[in-house]
Structures are given as structure tokens and as C-alpha cells.
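> let's see this in three dimensions:
(chains A and B, ligands or ions: 3)
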Amino acid sequence: MRETDAIAEARRNLEVCNACRYCEGYCAVFPAMELRREFPATDLGYLANLCHGCRGCFYACQYAPPHEFGINLPKVFAEIRQESYVQYAWPQPMAKLFERNGTVVSVAAALITALVMIGTALFQSPDRLFGVHRGEGAFYAVIPHNVMVLLAGSTFVFALVAIAISIARFWREAGGGAGPNGKQGMGKPLMQAVRDALTLKNLGGGGHGCNDTDGSFATSRRNLHHALFYGFMLCFASTNVATYYHYGLGLQAPYGYFSLPVILGTVGGIGMTVGASGLIWLKIVGDPEPVSRRLLGADYAMLVLLWMVAVTGLVLLAVRSTSAMGVTLAIHLGFVLALFVALPYSRMVHGAYRFAALVRAAREH
Amino acid sequence: MVDLTRLYDVLVIGGGNAAMTAAVTARQGGASVLVLEHAPKALRGGNSRHTRNLRAMHQAPTSVLTEAYLEDEYWDDLLRVTGGQTDENLARMTIRASEAALPFLEECGVRFQPSLTGTLSLSRTNAFFLGGGKALLNAVYATAEKLGVDILYDTEVREVHLEDGFARAVDINHKGFPETVRAKCVIASSGGFQGNLDWMRQYWGDAVDNFVIRGTPYAKGRVLKNLLAQGVAQIGDPTQFHAVALDARAPQFDGGIVTRLDSVPFSIVVNQHGQRFYDEGEDVWPKRYAIWGRLIAQQPGQIAYSICDAKSVPLFMPSVFPAITAGSVGELAQKLGLDPAAVEATVREYNAAVQPGSFDDRKLDGCRTQGLTPPKTNWARTIDQAPFIGYPLRPGITFTYLGVKVNERARVLMDNGKPTANLFASGEIMAGNILGKGYLAGFGMTIGTVFGRIAGQEAAKHARN
Ligand SMILES: Cc1cc2nc3c(=O)[nH]c(=O)nc-3n(C[C@H](O)[C@H](O)[C@H](O)COP(=O)(O)OP(=O)(O)OC[C@H]3O[C@@H](n4cnc5c(N)ncnc54)[C@H](O)[C@@H]3O)c2cc1C
Ligand code: SF4
Ligand code: SF4
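Ligands and ions are numbered 1, 2, ... in the order given. From the prediction side, this is the model:
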């Protein structure tokens, strides 16, 4: 991490926190902070990514603005997280995409969806695009299966590689867990981090919920994130099962309403829709104080994109035996593709950084 | 909108823990309640917003307290710190009631830390608020709002109209506008007067300009003074306050916990002239914590300097301000603005007097000086390993002891010993009844919660009749 204004501000904040420690039960950041007396930039990058942005420490803080100490950890940590996404982005020239990320992600999504639409229209005759297709292979009459696999597969694999390289650099620079009390083993910390990530343990203000919108505690943010995350995972599982059906069993989509891929996809899609809508709502009604205004665009863009993917998927299910199927399919696949393309250069990467930070935290204790 | 022409059942003066627990309890008792808090909303909660724990009696381990802490032990602890300046009846009643204080706060949504890793190991006697006092207050305020308690911020109570022991109305200044509010009962929970430097100047002269006030600037004692002037019985020595040693770079008000410095036992402490003035190793730090404020207040310029070397650094919590470091004692003295020759002489003399021993920072280790005045009786090690570390220290005032006299029903008493008809008090404003001197960690919040609840109950009962 480079020395920046945000890094200096976070250091100033943590020097106050380290002399106070009232918040030590809120999340993993404070125990990790207490292991240190000094805060080099790389450690701040790690601590910032460990912060889940629950805001518990902001409302609890007797030194929050207008107090002259002006302590506001969630805000400065969000800024540093953003800086870490920029600094570790791979390939580096793409880092620019994190600036004005909201616009970038929205424009990319619109553009890619439009391209898929135009492409489909160019390659398919109108009666195919607007025709009614039923039975095995109905979708592939509009967009051939191998085109779908090629586009989605290659962008997704690229996204994974890009994120993996970024995280590897982040991990190495942040000391890879060889910090104070650094332990050597990897198995246990990994298990612990998986558990913490899957349960969002740190997004619960020490067990009673976080400050979703103001000084009062609630668990809606955590539940909504769960809905979004597990919804996404179900959709992912649905795709995998469908792939197995296709190649393993020789069965072609669309599958019946009560088939495994459709059930997984439907439940997942509903989860994602609910989760993304709720999180957008919380951002709208939330207290703006502990939030970095600059970064809001990126958050909205990502949530809206996820929402679009989910909703168009559900709509596709609803209209799949009508003449609207062709267009809906093109739009849905457009958004999915946009999601994969944007993945390594959007707020979605927070999951990977957070996970790496959790592993490191588990190794330190 | 709050309707100021309405006759409230209960007016609560103040917005700290003692006020809010009273407000919630009175409302639960069926009373209509208006809270009048001088501070703006963002800075509400008085000194209570800076606290971190409360001391609670308990018979068996609870979710947040280990082992047991029984009445007699609690009472012994209190007796020791107050040197007997307490009222045994009131004190024992408070101690017994502290057992129910914790569940009450939990019901108000307050969360406690499951365990503690901080420097003071108090998890047997004290329950730590998750997020500290401000988080506690947020929860109690939210509960009060949910119950329908009305709250006015930016509202200073200027006068309580007391006639024949009957509080008829209070004059307030609400966001700059004078108003009068009537009520059936009044609960005074407006804290001490440590935020009022001019009042303290009467006893301490211009030394007060060098005092740091650790908590809220809004505790000016206006209501306290007003009540005492109307024949309410006084308790506690007006000249006395609880003071600790703080980093001298602390802001004048509201610096809270982070400006404290626990380097003293592992240092020598010199005054402006570079001279030592008290045994730094007299006792373990939590116990000795409070005497150093007063010691420094009595030094010229109300300032002192803690000096140690590299060996001691890992032994105390970091201060929020950077340590002043130097390669030699003389250079350090210069950086601290002291006479290098004087400090060098003090350190030389001290080093020569240090006796061999086996150092142990976790107990009274008996490592002492020989033939030095004043001696250092524990943790005495030579100061000879660069970098040398210094911190400037000032007295930090926590609270004042002066208060109004109350009975066990939190009812304020008049000079003639008679209870007032409808005036109650809770918290710092009456703490002197029980804590006439010294301090027991976590007891301030206990007194506030216990008396807040009693005052709330009694006021609601009185309003109903
Ligand atoms: C840094 C620090 C740390 C502390 N830590 C602890 C701890 O861990 N545990 C513990 O038990 N104790 C602690 N104490 C002591 C503790 O803060 C007090 O004992 C306790 O908060 C007293 O509560 P209170 O409600 O009576 O007063 P306060 O919390 O001080 O509240 C007084 C209120 O009255 C209001 N007020 C004053 N005058 C007027 C007026 N004229 N009109 C309207 N409103 C007015 C103020 O704005 C304020 O809201 C600490 C104190 C400090 C300074
Ligand atoms: S956020 Fe505020 S209350 Fe919490 S540890 Fe930091 S300084 Fe203390
Ligand atoms: S996770 Fe919550 S409590 Fe922890 S640092 Fe971030 S905002 Fe504060």
C-alpha cells in the first residue's frame, strides 16, 4: 500500500482506538489492532479489508464528529479498501476502472447487454429471435450453446485469474500472516476464515446486529447480504448442475420447472433479488456520516447489476415458452456476461480481499 | 414536537446514565416524562459517554462476570477507598441493588463484552459495555424514545423553583429561548460541576487553567448550585475532586479515556524543576491511579514529566500522543523544556540508589531504591537504555464530590433534614452521599443506574398519587 491521505487518517484514527479499545468486542479489526503499536501502510490495508463496514464502532465512538478527534473508522477504511483494489488490480492499467467505478460498471453493463442483443439480432433471423421455441435446446435456437459457453466461460476464467493475482499480491505485501504472533499453519486459519465469511460473524457487532441505518441495532444488513450471497451461490450451483445435465446426461435446457437446475436457479434468483433490493434500500435510507460518498456509485452499480442478473433470469423463466423468450434470453445473458467482465474491476472483489484478510487475522491469533 | 405548556408527570434534568435510567424507569411506571439535556444530540450523555464499565454484585458467574462478588467484599472495597467517608446504609443498599442493574441495562438493549483483554483485569467485579458508555447511552436513549419519553437537546435548566420543599417548575433555555416548564416531579441528574472552571477557581485559584477536564464541558453544576442556594442539604467537600494523571497534550475538555497514561510505575516523575516528588512505585497502578492527579495539581505550574527508558515501553498501554524520545537524558530534558543539568542529576542520583532485585511488572516486586528521598519502593530499575522516553503530565479532573443530600428513596433532603416533596436526584449530583472520597472503578455508573431507577420509580409513584 502507498502512503496516502486515507492511510495517514486511518493511522491517526487507530492511534486513538488503540489507547481506547472500547470497541474490542465488535469485530476482528480491534483484536488485530491490539497486536500492534505502529501501523505501517500495508497493515492498514489489511485492517481496512478486515473491516466489514458494520458501523458499530462509529456509533459507539465518543470521539466521532463533531468531537475534535473526529474518529470515523468505517469511512476511512472504505476509502483504503478502494485504494487497495486499485493498487493490486491486475493487469495494472485496468486499475483506472476503479475510478468513477459506478459509471464504469453501469456503462459496461449497458454496452455488453446491447452488444449481446445486437449480436443475436445480427446472427439470427427475426423469426428465430421473436419466435416461440419449446422443448430441448429451445434457448440454443436463439443463442448457440457453444457461443454461450465460450463467452461466459472465458470471461469468468479471466475474472478468476485476475482476482487471484490481485489477492496474491495483496497477501504478499500485507505480510501474509507473518505479523505479530504469526503462526505457520494454514489449515486451521483457513477453516476459521471460511466459517467467519460464511456466517458473516464480523458483520454482527459482536452478536447483536449492526447499525444498519442509524444508532440502533439490526440484523437486516447481515440477512440481506446472506440472501444475496447464498442466492448467488445457488444460481452458480444451478449453472453447474445444468452443465452436468448437458454434458454428463446429454439433457438440453430448458429443464422442467421442478428440475434441480430450475429450482436452484429460482430460489437463488429470488434470494439475489431480495438481497440486492434490500441492500440498495439500506444505502438510500442509511445515515451518510459513516459512509464515503465517493464510493457510493460503485456500490449502487454493483448491486443494480446483480439485481438485473437475478430479475432478468426470473423473467426468462416466466416467459420462456412465449415469443418474448429470445429477447429476454439475450438481455439476461448480456447482464451475466457484464457481471463476469466487470467482476475483477468492481466492488465484487471485496469478497476476495475480505477473505484474505480473515485468513490473515485467523493466523495472527 | 414537544409541548412545553403541558404539565409533565416527571421532568428529568440531564442526559447521562443517571438521567436516562430514571427517565426510562419513570416512563415504565406509567408517567409522562420530559428529559432536558444541555448538550446537543451529538454530544449527549455527559461523562457517562466516556465510561466503560460498571461494578456489580453477583452471587455466581454470569455471562459477563466471573466467579462471585458479594456484598461484604464490595462494601470492604468501598470502605477502603473512601476511608469511611460513606453512609453504610445507602452504600449497602446500592451494592445490593447493583445486582439488578445489569439485567435492567440489558433489557434496555445495552450489550456487554463477554471477556476482557485490556490492561486492568476487572472481569470479576466489573461488567464492560460493548462499545463503551456512548453505545450504552445509545441503547438507553433508543429504549426511552420507543417508550415515548420526550427529549429536548440543547436545553439548559437554569433554575428550579423550589417552594417549601416543593419543586413547582423549572426555567430552561431551549436553543437560546427562555421557557418555563411545569411538572409534578423533578429528577435532578445533572452531574457534577467539574465543567465549571470558574467555580473551581474559587478553591484552586488560577491553577485551574492548567487542569484538564476529562469529560463533558456541559457539567457546570448550575442546578446543583441553584438547589444548594435554596436550602437543599449539601454533602461532600466542595474543594475536592477526583483527578488522575493525564498526558498534558490532552484537549481541555472531553478528551476521555485515551489521554490517560499508565507509565508512572515504570518511570520516575519529575516536576518543572527536574525534581522527583513522590514514590512512583508505591502501589499497583489501578490503586494509585487517582492520587497522581492531585500530586501533580500541587506541583508548580501543575505539570510533571514521566521519564523512563526503552526497557519500560512495552509495559504500559500506548498513549494517544506520541512519546517524546531522545538519545540521552539531557536531550530528553531539553525536548521536554526542562533544565538538562537538573534532570541529569536526578536520574544519576536515582540510578545510583537503585538496588538489585528481580523485576516483575505484574506484582509489587520490591525492586527499590536505597537512601533516596522520596524513595521508589517497587519497580525501580536504572534508567540507562536509549531511547529515553518522556511524557508531560497534567491533572485530569474526572468529577467533583460536592452534591445534594438524598435518602434511600432518592428524595432530596433539605437543610433541616426534611425530605422535599417531589424532588429526586440520581448520579454524580448525589454520589457524594456514598462516595465521599476516593473512587472505586465502575462505581459511578452503578450509583447512577441504581439511583436513577429508584428516582424514576418514586417519581412515577408520586405523580400517580
Ligand atoms: C473519562 C471518564 C471515564 C469514566 N469511566 C467510568 C467507568 O468506566 N465506570 C464508571 O462507573 N464511571 C466512570 N466514570 C465516572 C462516570 O462518568 C460518572 O460517575 C457517571 O457518568 C455519572 O453519571 P451522571 O448521569 O450522573 O452524570 P453525567 O453523565 O455527567 O451526566 C450529566 C448530564 O447532565 C447534563 N446537564 C448538566 N447541567 C445541566 C443543566 N443545567 N441543564 C440540563 N442538563 C444539564 C449534562 O449535559 C449531562 O448530560 C468516568 C468518568 C470519566 C470522565
Ligand atoms: S472507535 Fe472510538 S470508541 Fe471505538 S475503540 Fe476507537 S476510539 Fe474507542
Ligand atoms: S467491522 Fe464494524 S466495528 Fe469493525 S471496524 Fe468496521 S465498522 Fe468498525
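
> going forward, measure contacts between C-alpha atoms and count neighbours the same way
Will do.

> can you find the helix or strand in the chain with the smallest mean pLDDT?
I went with chain A, as the question did not name one. helix A:126-129 (a mean of 84; mean pLDDT, DSSP states H and E).

> wrong one, chain B
helix B:285-288 (a mean of 72).

> show me which residues of the stretch 51-200 of chain B sit near ligand 2.
Residues of the stretch 51-200 of chain B lying close to ligand 2 by Cα under 6 Å from any ligand atom are B:Gly131.

> quick one, what contacts the residue nearest to A:Gly204 when sequence neighbours are not counted?
Spatial nearest neighbour of A:Gly204, chain neighbours left out: A:Cys210 (5.3 Å); criterion: Cα to Cα, 6 or more residues apart in numbering or on different chains. Residues counted as contacts of A:Cys210 (Cα atoms under 8 Å, 6 or more residues apart in numbering or on different chains) are A:Cys54, A:Arg55, A:Gly56, A:Leu203, A:Gly204, A:Ser216, A:Phe217, A:Ala218, A:Thr219, A:Arg221.

> what's the most distant pair in the residues you listed?
A:Leu203 and A:Ser216 (14.5 Å; Cα to Cα).

> look at these two and report which has more neighbours.
Shown here are A:Leu203 and A:Ser216; by other Cα atoms under 10 Å in any protein chain shown, A:Leu203 has more neighbours (28 against 18).

> how far away from the center of its chain is stretch A:255-267?
Offset of stretch A:255-267 from its chain centre (Cα atoms, centre = their mean, to the nearest Å): 24 Å.

> residues of that stretch that come out buried?
Residues A:Tyr255, A:Leu260, A:Pro261, A:Val262, A:Ile263, A:Leu264, A:Gly265, A:Thr266, A:Val267 are the ones in stretch A:255-267 that count as buried (16 or more other Cα atoms under 10 Å in any protein chain shown).

> chain A against ligand 2: which residues are in contact?
So chain A meets ligand 2 at A:Val16, A:Cys17, A:Cys20, A:Arg21, A:Tyr22, A:Cys23, A:Cys57, A:Phe58, A:Ala60, A:Cys61, A:Gln62, A:Tyr63 (Cα under 6 Å from any ligand atom).

> again, only using 8 Å
Counting by Cα under 8 Å from any ligand atom, the residues of chain A close to ligand 2 are A:13-14, A:16-24, A:30, A:57-58, A:60-64, A:71-73.

> now, which of those lie close to chain B?
A:16-24, A:57, A:60-62 (Cα under 8 Å from any Cα of the partner chain).

> quick check: of those residues, which lies closest to A:Val104?
Taking these together and measuring to A:Val104 by Cα to Cα, the closest member is A:Cys57, at 31.7 Å.

> quick check: mean pLDDT across stretch A:292-312?
Averaged over stretch A:292-312, pLDDT sits at 92.

> ok, stretch A:358-365 next?
Mean predicted confidence for stretch A:358-365 is 89.

> need the three-state assignment for B:Leu11.
Of the three states, B:Leu11 takes strand under DSSP: H, G, I helix; E, B strand; the rest coil.

> what is the neighbour count of it?
The burial count for B:Leu11: 30, using other Cα under 10 Å.

> do A:Tyr300 as well
Neighbours around A:Tyr300, by other Cα under 10 Å: 22.

> and the next element down the chain from the least confident helix or strand of chain A?
helix A:138-142 (DSSP states H and E).

> A:Gly313 reaches A:His332, doesn't it?
Yes - using Cα atoms under 8 Å, A:Gly313 is in contact with A:His332, at 5.9 Å.

> which SS state does A:Thr322 fall under?
Assignment for A:Thr322 (three-state DSSP): coil.

> what's near enough to touch the closest residue to it other than its chain neighbours?
With sequence-adjacent residues excluded and distances taken as Cα to Cα, 6+ apart, A:Thr322 is closest to A:Val132, at 5.4 Å. Counting by Cα under 8 Å, 6+ apart, A:Val132 touches A:Ser321, A:Thr322, A:Ser323, A:Ala324, A:Met325.

> ditto for B:Ile291
B:Ala243, B:Val244.

> over to B:Ala23?
B:Val12, B:Val33, B:Leu34, B:Val35, B:Ala144, B:Val149, B:Gly452, B:Gly456.

> distance of it relative to ligand 1?
Separation of B:Ala23 from ligand 1 (Cα to the nearest ligand atom, to the nearest Å): 11 Å.

> over to B:Ala297?
For B:Ala297 relative to ligand 1 (Cα to the nearest ligand atom), the value is 17 Å.

> element containing the residue lying closest to that residue once chain neighbours are set aside?
The shortest distance from B:Ala297 to any non-neighbouring residue, by Cα to Cα, 6+ apart, is to B:Pro395 (5.6 Å). In the assignment (DSSP H and E), B:Pro395 maps to strand B:388-400.
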